[in-house]
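pasting the sequence and the predicted model now:
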Amino acid sequence: MNDLDDLITDWLTLPDVALRLDLEVSRVHRLLEDGHLIAVRRGDPVVRMIPALLLTDDGVAPYLQGTVTLLRDGGFDDVELLTWLFTEDETLPGRPIDQLRSGQRGEVRRRAQALAL
């Protein structure tokens, strides 16, 4: 997890996500199952946590699910997926997650498709 610790500083537990989205925790579990969100096990005690930047003031970051699906179909596990989303890409500019949060999916999806081949 050290790479993720360097890339992501703000994490939320599933109950925290439920509170922010005004949902039941069971619905957050469903969002994870459906690929709308990504969680990894971390902390002490170890619990599933979600990077806070996957959420916006309006809910889940736009276009996240499609990007997650592309990368998972290409063989990425959740740690690899989060590492890619939160790593600076000089050609975007910025990180893929920043582009998705701002509603820009085109270039992010093109890069995800190229990686997934």
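In hand now; what should we look at? Since the structure is predicted, the reported quantities are computational estimates derived from the model, not experimental observations.

okay, now residue 3: neighbour count?
13 (other CB atoms under 10 Å). No exception for glycine: its C-beta is placed from N, CA and C like everyone else's.

and the host helix or strand of it, what's its mean pLDDT?
Per DSSP states H and E, residue 3 falls inside helix 2-7. Mean pLDDT, helix 2-7: 84.

check the offset of whatever helix or strand comes next after that helix from the chain's centre.
Using DSSP H and E, the helix or strand that follows helix 2-7 in sequence is strand 11-13. Centroid separation for strand 11-13 versus its chain: 12 Å, with CA atoms, centre = their mean, to the nearest Å.

partner strands of strand 11-13, parallel or antiparallel?
When pairs are called by DSSP bridges, strand 11-13 turns out to pair with strand 47-51 (antiparallel).

now do the next helix or strand after the strand it pairs with: which elements does it pack against?
On the C-terminal side of strand 47-51, the nearest following helix or strand under DSSP H and E is strand 55-56. Using 3 or more CB pairs under 8 Å, 6 or more residues apart in numbering; DSSP states H and E, the elements in contact with strand 55-56 are helix 14-21.

re the thing from before, kindly format the C-alpha coordinates of the helix holding residue 3 as PDB.
The C-alpha coordinates for helix 2-7 follow below in PDB (Å, rounded to 0.1, in the frame of the first residue of the first chain):
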ATOM      1  CA  ASN A   2       3.000   2.300   0.200                       C
ATOM      2  CA  ASP A   3       2.500   3.600  -3.300                       C
ATOM      3  CA  LEU A   4      -1.100   4.400  -2.500                       C
ATOM      4  CA  ASP A   5      -0.100   6.100   0.700                       C
ATOM      5  CA  ASP A   6       2.100   8.400  -1.400                       C
ATOM      6  CA  LEU A   7      -0.600   9.100  -3.900                       C
END
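
mind checking the SS state of the closest residue to residue 34 other than its chain neighbours?
Closest residue in space to residue 34, ignoring its immediate chain neighbours: residue 65 at 7.3 Å, by CB to CB, 6 or more residues apart in numbering. Residue 65 carries the three-state label helix when classified by DSSP: H, G, I helix; E, B strand; the rest coil.
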